[in-house]
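Asker: Below is the sequence, then the predicted model.
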Amino acid sequence: MAKNKTVATSDSVHEFIAQIPDEQKRKDSDRLIQIMEEITGEPAILWGPSIIGFGSYHYKYASGHEGNAPLAGFSPRKSAISLYLYTCENDHDLEKLGKFKMSKACIYVKKLSDINEDFLIKIIKDSIVAVKIKYG
């Protein structure tokens, strides 16, 4: 079975953020770190080359594939900030979040000012509860 590419590293989160060319993405990343550290009680860790994660859990799928993943995380990509939350699989009234796009595994926002921060905090908290229920 292939090794997971997205694993926790010892690379500097702050150095990673400092190299982001877009000033607004740097500010939004700093704010997301503040929010997610407060919610999880865990420090920001760089997972792989570009995902900033908080806490971790171990998953194992029916296929036998298993690994570790952050409880909550994000990546300040060039086109949008990708929010990695388990909640994408849950029923939420996501239109309350504001302006975003979504795929099966991510919520994409251009900038934090486009979304309702209080609702984002609720989604993050709900996501962590759902992960802990499913994976222990």
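Answerer: It's in.

Asker: Please list all residues in contact with K101.
Answerer: 80, 107-108 (C-beta atoms under 8 Å, 6 or more residues apart in numbering). The way it works is simple: take the backbone N, C-alpha and C, and place the C-beta from them, glycine included.

Asker: if you set the cut-off to 7 Å instead, what comes out?
Answerer: Residues in contact with K101, defined by C-beta atoms under 7 Å, 6 or more residues apart in numbering, are Y108.

Asker: Over to it: give its phi and psi.
Answerer: phi -120, psi 160 (degrees, to the nearest 10).

Asker: Ok, H58 next?
Answerer: phi -100, psi 130.

Asker: Please tell me the pLDDT value assigned to it.
Answerer: We have a pLDDT of 92 for H58.

Asker: wait, doesn't it sit right on N68?
Answerer: Yes: judged on C-beta atoms under 7 Å, H58 makes contact with N68 at a distance of 5.4 Å.

Asker: Please say which of those two ends up with more neighbours.
Answerer: Neighbours per residue (other C-beta atoms under 10 Å) separate H58 from N68, with N68 holding more: 14 against 10.

Asker: partners of the helix or strand where that one lies in the sheet?
Answerer: Assigned by DSSP states H and E, N68 belongs to strand 66-69. Strand pairing for strand 66-69, using DSSP bridges, gives strand 57-60 (antiparallel).

Asker: and the residue most central in space within the chain, which of the three is it?
Answerer: A centroid search over the chain (C-alpha atoms, centre = their mean) returns G73, at 2.0 Å, as the residue closest to the centre. The local conformation at G73, judged by DSSP: H, G, I helix; E, B strand; the rest coil, is strand.

Asker: which residue sits closest to it, ignoring its sequence neighbours?
Answerer: G53 (3.7 Å; C-beta to C-beta, 6 or more residues apart in numbering).

Asker: my guess is the one you found meets W47, correct?
Answerer: Yes: assessed by C-beta under 7 Å, G53 is found in contact with W47 at 4.4 Å.
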